[in-house]
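> dropping the sequence and predicted coords here.
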Amino acid sequence: MRLLRRKPRTFEIQVQDMTLHIQAGKDINEESRAAALSFWEQLHAYTLRNPQVGNSKRPIAVPEDAPQIVREIVAAARLAGVGPMYSFQGAVTDHVGRFLAKEVDEVTVNCGGDYFILGRRRQKLTVLRRSNDSTVAIVVPPSKQGVGISMTMGHGHTPVDGLAVLADSCMLADAAAAGVQAILPKQNGLAGALTYLKKVRGVLGGVVVVGDRIGLAGPVELAA
């Protein structure tokens, strides 16, 4: 008799102005909501005491008695050479994903262009682009700890048409994506951005799309 695979459960939770889309093998809606709210309360309470965490565009330091998740955000941003404010959405995504990874073998948490993916098989993820003329997709490798991904279509004066950064954590991917967007407007920006991604410890790789040019950093595989 062939065993039927259980269809993944998909649901959403709202945390302030962020909407998290979650796909897992069982209904863990309440657990997800509790984890997200717990993190947000810690972060919000600390930013009231230390506003720099929420508004600094440059790396900062926090005392050792800061909550663990705040110290992780600050450390990830420092690795990428940017301020912690760029890691908030990725940190929420990470926190919920890691919590649920204790309960299930496979889970995807998505918030905006940020993803925490824990899977036993390779997955394909389409990179968001400003232009709809064509698409670019990357292969997300299987992982026992989870992979963090940050994708963006760019904004303002940034010339990026599409961007995806893969890292050990989503908050680091977020921070590195901000670093890429700061580098791209400079002379030889695409080459500089790819070199930057290769140097950030914990970044697994990335794809940067500028017009009709596609640059790859690290062992990132494009999907057919």
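Sure thing, it's come through. The structure displayed is predicted, hence computed values, not measured ones.
> only C-alpha atoms for contact and neighbour calcs from this point on.
OK.
> could you look up the SS state of residue 57?
Using DSSP: H, G, I helix; E, B strand; the rest coil as the criterion, the local structure at residue 57 reads coil.
> show me the contacts for it.
Neighbouring residues of residue 57 by C-alpha atoms under 8 Å, 6 or more residues apart in numbering: 82, 83, 84, 85, 86.
> how does it look with 6 Å?
Contacts for residue 57 (C-alpha atoms under 6 Å, 6 or more residues apart in numbering) come out as 82, 83.
> can you give me the strands for this protein?
Taking DSSP state E as the test, the strands found in the chain are 9-15, 18-24, 107-111, 114-118, 123-127, 136-140, 147-152, 162-167, 203-210, 213-217.
> save those as JSON lines, and put in mean pLDDT, mean neighbour count and distance to residue 178 too.
Rendered in JSON lines, the data for those read as follows (pLDDT from 0 to 100; neighbours: other C-alpha atoms under 10 Å; distance: least, C-alpha to C-alpha, whole Å):
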{"stretch": "strand 9-15", "mean pLDDT": "86", "mean neighbour count": "15", "distance to residue 178": "22"}
{"stretch": "strand 18-24", "mean pLDDT": "90", "mean neighbour count": "19", "distance to residue 178": "19"}
{"stretch": "strand 107-111", "mean pLDDT": "93", "mean neighbour count": "24", "distance to residue 178": "16"}
{"stretch": "strand 114-118", "mean pLDDT": "95", "mean neighbour count": "29", "distance to residue 178": "13"}
{"stretch": "strand 123-127", "mean pLDDT": "89", "mean neighbour count": "16", "distance to residue 178": "16"}
{"stretch": "strand 136-140", "mean pLDDT": "90", "mean neighbour count": "18", "distance to residue 178": "19"}
{"stretch": "strand 147-152", "mean pLDDT": "92", "mean neighbour count": "27", "distance to residue 178": "10"}
{"stretch": "strand 162-167", "mean pLDDT": "94", "mean neighbour count": "26", "distance to residue 178": "10"}
{"stretch": "strand 203-210", "mean pLDDT": "94", "mean neighbour count": "24", "distance to residue 178": "12"}
{"stretch": "strand 213-217", "mean pLDDT": "93", "mean neighbour count": "16", "distance to residue 178": "16"}
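> in the chain, spot the helix with the most residues.
Taking DSSP state H as the assignment, the helix of the chain that covers the most residues is helix 29-49.
> any figure for the gap between residue 171 and residue 185?
Taken as C-alpha to C-alpha, to the nearest Å, the spacing of residue 171 relative to residue 185 amounts to 23 Å.
> between those two, who's got more neighbours?
residue 171 (33 against 15; other C-alpha atoms under 10 Å).
> identify the residues contacting the residue nearest to the more buried one when sequence neighbours are not counted.
Ranked by C-alpha to C-alpha, 6 or more residues apart in numbering and with sequence neighbours excluded, the top spatial neighbour of residue 171 is residue 90, at 4.2 Å. Under the criterion of C-alpha under 6 Å, 6+ apart, the contact list for residue 90 reads 114, 170, 171, 174.
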